[in-house]
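Engineer: Take a look and give me a structure for this.
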Amino acid sequence: VGDRPSAIVVLGAYEASTGNSLANTVGNSGVFRGATEEQLIQRAVTSGMDGFLDAMQSKFMAMLDEGHSIFVDVGLQQGIRTTFDTPLTAKQISLAELLEAWISDNAFRNKYHLQGTTQSRMVFDEVRIPLRDPRNGRRYGASQFGSQLVAHMRTLGLTVTRDIKSSTVLITVTQP
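Structural biologist: Sure thing, here's the model as predicted:
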């Protein structure tokens, strides 16, 4: 306040499950002599609201077009003989190759990023999935994607456990 009373307000929205930014806008009340702090803040919020809502709408439309991001971490329980280089088919295709092919086929519009693979761990730091299940129109999230990945891994003869935390899918292979 003081000699040139004004307020600046930062409006921000983030997706709770991923922490990704949905919108960030700065609102400015301008100089408004004789106003209370509450009035200055209200003017600042009002001045930034249209841009804020436009940014959120744009981000939501982008999520419809590009999907939303989840994290998938597949690990091997300590002590098992299988590694990600172990071939699981008669064609000598490794576990890593089979998993990456499945992720590629099932990620929304094939959008994913493999952060890395070691002998005992495979990390996809971004896998895009749709907001809605294309089969039934219901909400589609990390849990549904994780369930489908687990089902696929079981068809490969693997015993696995799964943990879902927000937008993170953690899978552990317990037996080959």
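Engineer: which stretches of this structure aren't confidently modelled?
Structural biologist: Along the chain, the parts satisfying pLDDT under 70 run over 1-2, 17.
Engineer: By residue count, what's the longest helix in the protein?
Structural biologist: helix 37-66 (DSSP state H).
Engineer: packing partners for that one?
Structural biologist: Counting contacts by 3 or more CB pairs under 8 Å, 6 or more residues apart in numbering; DSSP states H and E, helix 37-66 packs against strand 8-14, strand 21-28. Yep, even glycine has a C-beta here, placed from its N, CA and C like the rest.
Engineer: from what I can see residue 93 touches residue 87, true?
Structural biologist: Yes: if you go by CB atoms under 8 Å, residue 93 and residue 87 touch, sitting 6.1 Å apart.
Engineer: Let me know the angle separating whichever strand or helix holds residue 75 from helix 37-66.
Structural biologist: Assigned by DSSP states H and E, residue 75 belongs to strand 68-76. On the basis of axes from the mean of the first three to the mean of the last three CA atoms, to 10 degrees, strand 68-76 is oriented at 60 degrees to helix 37-66.
Engineer: which residues touch residue 117?
Structural biologist: Residue 117 makes contacts with 84, 96, 123, as judged by CB atoms under 8 Å, 6 or more residues apart in numbering.
Engineer: Can you tell me how far it is from residue 85?
Structural biologist: 9 Å (CB to CB, to the nearest Å).
Engineer: go on, residue 99?
Structural biologist: Look at residue 99 and residue 85: by CB to CB, they are 12 Å apart.
Engineer: More neighbours: the two, which one.
Structural biologist: Relative neighbour count places residue 99 above the other of residue 99 and residue 85, with 23 against 12, counting by other CB atoms under 10 Å.
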